[in-house]
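1. need coordinates for the below:
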Amino acid sequence: MGILQKAAKILFVCVHLMLLSGCWDRTEVNDLALIVGLGIDQKKDGKIMLTVQLVVPKSIGGGGQMGGGGGGGGETIVRSGTGATVADAISNLQEKLSRRVFWGHTKVVVFGERAAKAGIRQHLDFLSRNPQTRLRSNVLVSKGTAKSVLELLPPIEQSSAEVMRELSESQLLLRVTIKDALQMLSGDAGAAALPMVKILPPEKGKKELQTIAFIQRTAIFKKDKMIGDIDDKLTRGVLWLRNEIKLANITVRLKGEKGNITSTLIRAHTEFIPKYGKGKWKMIVKATAEDDILLNGTKLDLLNPKHTKMIEKELENETDKRIRAALKKVQKELKADIFGFAEIFHRKYPREWNRVKNRWEEIFPTVEVVVKTKVYVRRPGMNTAPQGLPEQEVKQ
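-> Residues are numbered from 1 along each chain as shown. Predicted structure coming up:
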């Protein structure tokens, strides 16, 4: 074997030994503080208070008790830091932790009410630039401070952050991620809607923190600042107008009949047809739903198509009411285009839109909205006839 061949083999081995030298830049899990919940509040002096909910690995590995808390002892602990910006607050927080913070497991980001009213753009900007932050993390607004929500000790889930994640994922009301919030605020309308949580009063005999925060309202934003909020009923109307309705129960009473009928949504779709002519903007909203009957408190036999048509008509009227109530509050009073009408008009009439885009905030409240609803009752449940009634009393 020649000298050159030996030298080549030695060089080959040396190069590969360098490549197999190990994880020189590794970060051990034991050196990280895993954040599962993030809260952003604004103090009276204008400074930002950042609150994080951290996992306690010892407690989880050893089967510790359920729930978190500000003082430790559970599966999570809560710590805070302050600063002029979120970045400064994180630096202040890091001084109080023995481990380096890691954002990759963040499930929820909660804005306190005061911080939301002051503006959330710079906070979202930081989160979107941080390579560790997941843009799929759920974003919420707290009635009060975000810290008070993260300090709760839920009776079932491991942490209050997990409770809010589960509630967001259920899509009973609005669900918004960091990515969704950024897209709404940077859209043509510059308006956004975020779910709002409120602390549920603890049960009798329980400690003040032994409860959860639940999604009850929706916060409305204009140009990244919260300008108001709407309740859960109006939120469902908003979901219809955003084509995001997933779960809904509607209870109606038929004319001339005693008792209620409750239906549950199985499928829904909202179609938007924009119109423009002679300087007038018009949006036709076609909402279609397919329902199952959950409860029949009347004496009607639902096998009769005539009775089914009566139910469908009342369900259509109730759906129409919900949509119109949301329009009245959001379009006429708050004047915030959280429905995405601006983008729809922009796609259909780009030339006309460019002429009025700087005045959309003035034009949006004047847009004529025509609502058309259609509901189909697909299944009456396991039984068509009302249960617990003598057969002769059932109306066929």
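
2. helices or strands up against the biggest helix by length in the chain?
-> Scanning the chain for the longest helix, with DSSP state H as the assignment, gives helix 305-327. Packing contacts for helix 305-327, counted by 3 or more Cβ pairs under 8 Å, 6 or more residues apart in numbering; DSSP states H and E, involve helix 232-241, strand 249-252, strand 261-277, strand 280-296, strand 368-379. Every C-beta, even on glycine, is put in place using the N, C-alpha and C of the backbone.

3. count of neighbours near Glu333?
-> Residues near Glu333, counting by other Cβ atoms under 10 Å, number 12.

4. what of Gly2?
-> When neighbours are counted by other Cβ under 10 Å, Gly2 comes out with 7.

5. distance check, it against Gln158.
-> Relative to Gln158, Gly2 is positioned 66 Å away (Cβ to Cβ, to the nearest Å).

6. over to Met283?
-> In terms of Cβ to Cβ, Met283 sits 44 Å off from Gln158.

7. how about Ile77?
-> From Ile77 over to Gln158 (counting by Cβ to Cβ), the distance is 12 Å.

8. do Gly112 as well
-> Taking Cβ to Cβ, one finds Gly112 at 23 Å from Gln158.

9. buried set for stretch 255-267?
-> For stretch 255-267, a neighbour-count test (16 or more other Cβ atoms under 10 Å) marks 261, 263, 265 as buried.

10. now tell me what touches it from outside.
-> 245-254, 289-300, 311, 314-315, 377-378 (Cβ atoms under 8 Å, 6 or more residues apart in numbering).

11. Ala325: which of the helices and strands packed on helix 305-327 is closest?
-> Across the helices and strands packed on helix 305-327, Ala325 has its closest neighbour in helix 232-241 (5.5 Å, Cβ to Cβ).

12. put the buried members of the contacts of stretch 255-267 into a PyMOL selection.
-> Those of the contacts of stretch 255-267 that count as buried under 16+ other Cβ under 10 Å are selected in PyMOL with:
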select buried, resi 245+248+250+252+254+289+290+291+293+296+298+300+311+314+315+377
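
13. tell me the domain ranges of this protein?
-> If you go by automatic domain parsing, the domain ranges for the chain are 29-230, 231-396.

14. put together a markdown table for these, with distance to Val13 and mean pLDDT on each row.
-> What follows is the domains of the chain, written out as a markdown table (distance: least, Cβ to Cβ, whole Å; pLDDT from 0 to 100):
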| stretch | distance to Val13 | mean pLDDT |
| --- | --- | --- |
| domain 29-230 | 33 | 89 |
| domain 231-396 | 60 | 90 |
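
15. Leu11 is nearest to which of these?
-> domain 29-230 (36.3 Å).

16. how far does that closest one stretch from start to finish?
-> Start-to-end span of domain 29-230 (Cα to Cα, to the nearest Å) is 42 Å.

17. before we move on, what about stretch 115-129?
-> 20 Å.

18. what comes into contact with that stretch?
-> 40-42, 48, 85-87, 109, 111, 133, 135, 137, 141, 146, 178, 181-182, 185, 194, 219, 221, 224-226.

19. pull out the buried positions in it.
-> If you call a residue buried by 16+ other Cβ under 10 Å, then stretch 115-129 has these buried ones: 115-120, 123-124, 126-127.

20. save those as CSV, and put in secondary structure and distance to Gly190 too.
-> Formatted as CSV, the buried residues of stretch 115-129 follow (DSSP: H, G, I helix; E, B strand; the rest coil; distance: Cβ to Cβ, whole Å):
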residue, secondary structure, distance to Gly190
Ala115, helix, 19
Ala116, helix, 16
Lys117, helix, 16
Ala118, helix, 17
Gly119, coil, 12
Ile120, coil, 13
His123, helix, 17
Leu124, helix, 14
Phe126, helix, 20
Leu127, helix, 19
